[in-house]
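*Asks:* Have a look at this prediction, sequence included:
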Amino acid sequence: MSGFGSGSGLASFIPLIFMFAIFYLLLIRPQQKKAKEHKAVLESLQKGDQVITAGGIHGRITAVDDAVVTLEIATGVNIKINKGFIASVSKKD
């Protein structure tokens, strides 16, 4: 009888494995791909690029350091933000 119990235990894990596989394919993998693309965009930032921050601020990059980007958001108005808060590059100059 102990052989019967171990077979049903394995059968109960098959749906869990199947659900994890679907979860991975639909959620985890696309999120990792998007994070990798965002990292590549952040590494390619250059002076003169037009960017949009995560807070919705539009500006032109005037200086790029390892972790900090200086944006000109109006003539003569510069702000410094962390590089990770750049959401997208709207135009490359």
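*Replies:* Nice, I can see it.

*Asks:* center of the chain, which residue is that?
*Replies:* The residue lying closest to the centre of the chain (Cα atoms, centre = their mean) is residue 35, at 2.9 Å.

*Asks:* tell me the phi and psi of it?
*Replies:* phi -60, psi -40 (degrees, to the nearest 10).

*Asks:* Keeping just the C-alphas, turn the longest helix along the chain into CSV.
*Replies:* Across the chain, the longest stretch assigned as helix under DSSP state H is helix 2-23. Extracted as CSV, the C-alpha positions of helix 2-23 are listed here (Å, rounded to 0.1, in the frame of the first residue of the first chain):
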residue,chain,number,x,y,z
SER,A,2,2.9,2.4,0.5
GLY,A,3,3.7,2.2,-3.2
PHE,A,4,0.2,3.6,-4.0
GLY,A,5,0.7,6.6,-1.7
SER,A,6,4.0,7.7,-3.2
GLY,A,7,2.6,7.5,-6.8
SER,A,8,-0.3,9.9,-5.9
GLY,A,9,2.2,12.3,-4.2
LEU,A,10,4.1,12.6,-7.5
ALA,A,11,0.9,13.1,-9.4
SER,A,12,-0.1,16.0,-7.2
PHE,A,13,3.2,17.9,-8.0
ILE,A,14,2.8,17.7,-11.7
PRO,A,15,0.1,20.5,-11.8
LEU,A,16,2.4,22.7,-9.6
ILE,A,17,5.3,22.2,-11.9
PHE,A,18,3.1,23.0,-14.9
MET,A,19,1.8,26.2,-13.2
PHE,A,20,5.3,27.3,-12.4
ALA,A,21,6.4,26.8,-16.0
ILE,A,22,3.5,28.9,-17.3
PHE,A,23,4.2,31.6,-14.6
